[in-house]
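> Quick one, fold the following:
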Amino acid sequence: MPDNPAMFEEVLSSSDVRTKSSRCVYCKGSKMLCGKSRCSVLARYFSSLGAKERIDRTELIGNSPPSVFVGRMGYPKVAVGPMIPPIDGDTSLMDTPERWVGLSIDEIIGFRSNLVRGMHWVDVGDVANTEKLVSRTRDLALAQQPPQVEAEFRRKPVGRLTVDDDVQPFGPSAPLERFEVANCRFDRRLEKAFFDTDLLAKDAVVSLYRSGSLVSQIQKAFSVGAFGLEKRRRFVPTRWSITAVDSQLGLHMLESTKTFPFINEFRVYETQSLDNRWAVIMIPSSWKYELIEAWYPNTVWNPHNDRIAIMSDHEFFEGRRTYASIGGCYYAARLAVNELLTRERRQAGVCIMREAHPGYILPVGVWNVRENVRKALSNPPHRYPTLRAALTHVSGMMDIPMSRWIRSSAVLKDALYQRRIEDFRR
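Take a look at the predicted model:
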């Protein structure tokens, strides 16, 4: 990292990055007082340098991945519009998180920082608006391949790289004056669901998933109000649409999962990515599910603490009625688990453990949870005759002592200590 204080002052004062930490100002990216191996402030800044010259204008031409964004600020009047990179050709990778597992944070930030967000304000219920800015945003969400987009903004795009634990990062933004979409061919599956105004939104989501549409495709179309009964269609903020689709698909699969026979052994699936470690424990029992996240000091959501922060949410067979405090990650991981159980036609108790280490310097979105749990479950599992044997394996791959995981877990404590009727028959 550079140790030029003048340059770092420029970074902190620029519109590309912001920080509220006085320690960052004192450190100036050279002393690493935060304990991280690299400075997240500078990582954001340098990721935007390559695109800065190309977007320093009021007109932009490029192939959208395709990508759209619906904001939530000011709801029910929200900003909708396309996300456009100053790049021609096949840009589909830039908004297909199903293809991002194995990429580095630098690579993800590198191409996501090129996406410029255009904004046009509409009422969420105004999905039938024939105004070109609205209808073309919807067309983009239904597109099959990256179409060429030409946009004119009211001012030059400004703003920092936007990062969030729910949505994928994206670059600067600006109000739209106009935008044109060329060679936009609809995905036939999405188009069919869009024109079926008698089809319930949840049925459209399930049908598209079964037909092979990517979850990320369904989420984009859901956000622009492309599904549901005609009079009930609404724009849905992007972060809400991501969780809504994950949750609805998971609940749909659970209707079958809960009727399947139990798995007949204890399993451990594992993977590592972006300095996150993942362990998925499956227990031969009726459906129960839990996600436990452990954030080391100097990670995204535990930036200045000297202790590991652990949080968890769970449900038993009856399900849950309140929104998970962990947020969208809970529903993304639940979907991934049910995909495997549906394929195997089996039922299980599931506990997912996530250790986030200091190398995870920036949040990259809920997709990170869904796709890494999918990745873990695509690997051959370690099989054990007892839960304690399975936990011994997990303790060898995680840094946090197993005793602390158990203290934080409702599912593991239930499996280890709850007496059952069959225990009295032995």
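> Using the three-state scheme, assign the residue nearest to residue 240 when sequence neighbours are not counted.
Nearest non-adjacent residue to residue 240, counting by Cβ to Cβ, 6 or more residues apart in numbering: residue 72, 6.9 Å away. C-beta here means a position set from N, CA and C on the backbone, and glycine is covered the same way. Assigned with DSSP: H, G, I helix; E, B strand; the rest coil, residue 72 falls in the coil class.
> cool, residue 134 as well?
Three-state call for residue 134 (three-state DSSP): helix.
> Equivalent analysis for residue 82, please.
Residue 82 is classified as strand under three-state DSSP.
> Next one, pLDDT for it please.
The score at residue 82 is 97. That number is its pLDDT.
> Test my guess that it contacts residue 62.
No - counting by Cβ atoms under 8 Å, residue 82 does not reach residue 62; the two are 10.0 Å apart.
> Low-confidence bits of the stretch 1-150 of the chain, can you list those?
1-53 (pLDDT under 70).
> which secondary structure elements does the longest strand seen in the chain contact?
Ranked by residue count and defined by DSSP state E, the top strand of the chain is strand 173-182. The contact analysis (3 or more Cβ pairs under 8 Å, 6 or more residues apart in numbering; DSSP states H and E) places strand 173-182 against strand 77-84, strand 116-123, helix 132-141, strand 148-153.
> Quick check, central residue of this structure?
residue 366 (1.8 Å; Cα atoms, centre = their mean).
> Please name the residues that touch that residue.
Counting by Cβ atoms under 8 Å, 6 or more residues apart in numbering, residue 366 touches 165-167, 242-243, 246, 327-329, 332.
> Look at it and report its pLDDT.
Looking at residue 366, its pLDDT stands at 95.
> Distance-wise, check it relative to residue 226.
20 Å (Cβ to Cβ, to the nearest Å).
> re the thing from before, could you single out the most deeply buried of the helices and strands packed on strand 173-182?
strand 77-84 (a mean of 24; mean count of other Cβ atoms under 10 Å).
> quick revisit: any residues in contact with both of residue 82 and residue 62?
residue 149.
> how's this structure carved up into domains?
Per automatic domain parsing, the domain ranges recorded for the chain read 48-182, 189-256, 266-425.
> Skipping adjacent residues, who's closest to residue 398 in space?
residue 355 (5.6 Å).
> what's the spacing between the helix or strand containing the one you found and its chain's center?
Per DSSP states H and E, residue 355 falls inside strand 349-356. The chain centroid and the centroid of strand 349-356 are separated by 17 Å under Cα atoms, centre = their mean, to the nearest Å.
> and that strand, what other elements does it pack with?
Here strand 349-356 touches strand 276-283, strand 288-295, helix 328-344, helix 410-417, going by 3+ Cβ pairs under 8 Å, 6+ apart.
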